[in-house]
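K.L.:
Fold the following for me, if possible:
(chains A and B)
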Number of protein chains: 2
Amino acid sequence: MDFSSKLLENAVNEVSRLPGIGKRTALRLVLHLLKQPSEHTQYLSQALLHLRNDVKTCEKCHNISDTVLCDICKNPKRKPEVVCVVEDIRDVMAIESTSQFNGLYHVLGGKISPIEGIGPQDLKIEPLIQKVENGEIKELIFALSSTMEGDTTNFYIYKQIEKFRIMTSTIARGISVGDELEYADEVTLGRSIVNRIPFEQSIRG
Amino acid sequence: MDFSSKLLENAVNEVSRLPGIGKRTALRLVLHLLKQPSEHTQYLSQALLHLRNDVKTCEKCHNISDTVLCDICKNPKRKPEVVCVVEDIRDVMAIESTSQFNGLYHVLGGKISPIEGIGPQDLKIEPLIQKVENGEIKELIFALSSTMEGDTTNFYIYKQIEKFRIMTSTIARGISVGDELEYADEVTLGRSIVNRIPFEQSIRG
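P.N.:
Below is the predicted model:
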């Protein structure tokens, strides 16, 4: 791309470094900002800078938070001894929106992925094991994505805490609610047959 | 969406005001910035602010430029009496990349669109008519998108400059190079038959 302006080129280059945004999309976004009042650009820049410079992570669960302890960890109505292990804040938001969980979270900040060069030391695994060792946790629920990396991370953590003999579980894999059986993939369908649950339990849920 | 952090919520809201970016995409982009070194966010914010505050438009063609006259208008090798009317900088970049045009441009900054509330007074139409009136332009090429708005804008400008009797043309509409006839829409195919060109001319092009 040949730009008539260095300022424009610079802005497009910076925006196109974001994941999933190419040069054309970046140009479209930047030209949109140019058409808007300059306050829009100011608010956007300030919001990003404030977030990047002032954001904290909760001391206890490592979730993104504005305070030392996040609202979930501070809530006295939640059970601190039941902890759900998730990858990042998006998973916390997804589980919270179900209103089906009233324990606390532990945010790892990623999954073990040798391909991307992410090892156990890059994640918040050590603090989790500490909490188990201190007896703070009675039940641990693994809620990582059902991928190779997710399963590897689950297994790595499980091996480290096995000896403390606390309750561990992983969220159920199976056919999505509303899905047609004939379109389900074989692995999921197979797992959902092996891990079938009593019918009485299913109608209660 | 329930956010655990006001800063995060704020940043996601600002990013999702950009066109084509929803809350989920905004969250993904913002979390990406959080994982990167803070310089990335700084460079991005600064590039956007610099652009918005310091960008100029070329006095002559109204294209985005860092200087009073843009590089194209300054170039003594280009013919200043042949002017191509385009919507915005993206069209200038698209035509420049063909290397088939050596006149100057006139950037309108949009198209007449009653639905979006854009009238002739919101575009750089008056300066264009001034240039025609002053005798600066001998040939005017309309290169707006082939849409209702583009055609309306073409016609509006044409009506204003008709009396000055300069050469006017519009870029050719027809079957794209490499396209199969059977998949072309009828309007385009129809136009390409009506506006057929001598075969000798087509093999020279």
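K.L.:
For chain A, just list every one of the strands.
P.N.:
Ranges of strands in chain A, per DSSP state E, are A:56-57, A:64-65, A:79-86, A:103-107, A:139-142, A:167-170.
K.L.:
Ok, which of the ones you listed comes nearest chain B?
P.N.:
strand A:64-65 (4.9 Å; Cβ to the nearest Cβ). (Each C-beta comes from the backbone N, C-alpha and C, glycine too.)
K.L.:
hmm, back to that, which one of the strands of chain A lies nearest to B:Gly22?
P.N.:
Closest approach to B:Gly22 among the strands of chain A (Cβ to Cβ): strand A:64-65, 19.6 Å.
K.L.:
How far off centre is the closest one?
P.N.:
Here the centre of strand A:64-65 is set off from its chain's centre by 12 Å, with Cα atoms, centre = their mean, to the nearest Å.
K.L.:
Within its sheet, name the partner strands of that strand and how each one runs.
P.N.:
Using DSSP bridges, strand A:64-65 pairs in its sheet with strand A:56-57 (antiparallel).
K.L.:
The strand it pairs with - what's its average pLDDT?
P.N.:
For strand A:56-57, the mean pLDDT works out to 90.
K.L.:
hang on, the earlier thing: now render the strands of chain A as TSV, adding distance to B:Ser169 and mean neighbour count.
P.N.:
Listed next are these as TSV, based on distance: least, Cβ to Cβ, whole Å; neighbours: other Cβ atoms under 10 Å in any protein chain shown:
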stretch	distance to B:Ser169	mean neighbour count
strand A:56-57	62	16
strand A:64-65	57	24
strand A:79-86	62	19
strand A:103-107	62	23
strand A:139-142	68	19
strand A:167-170	68	14
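K.L.:
and the ones you listed as JSON lines, adding distance to B:Val55?
P.N.:
Shown next, in JSON lines, are these (distance: least, Cβ to Cβ, whole Å):
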{"stretch": "strand A:56-57", "distance to B:Val55": "35"}
{"stretch": "strand A:64-65", "distance to B:Val55": "34"}
{"stretch": "strand A:79-86", "distance to B:Val55": "43"}
{"stretch": "strand A:103-107", "distance to B:Val55": "40"}
{"stretch": "strand A:139-142", "distance to B:Val55": "51"}
{"stretch": "strand A:167-170", "distance to B:Val55": "53"}
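K.L.:
Could you work out which of the ones you listed reaches nearest to B:Cys58?
P.N.:
Each of the strands of chain A has some distance to B:Cys58 by Cβ to Cβ; the shortest is strand A:64-65, at 44.0 Å.
K.L.:
Relative to B:Lys163, which of the strands of chain A is closest?
P.N.:
Proximity to B:Lys163 (Cβ to Cβ) singles out strand A:64-65 among these, at 64.4 Å.
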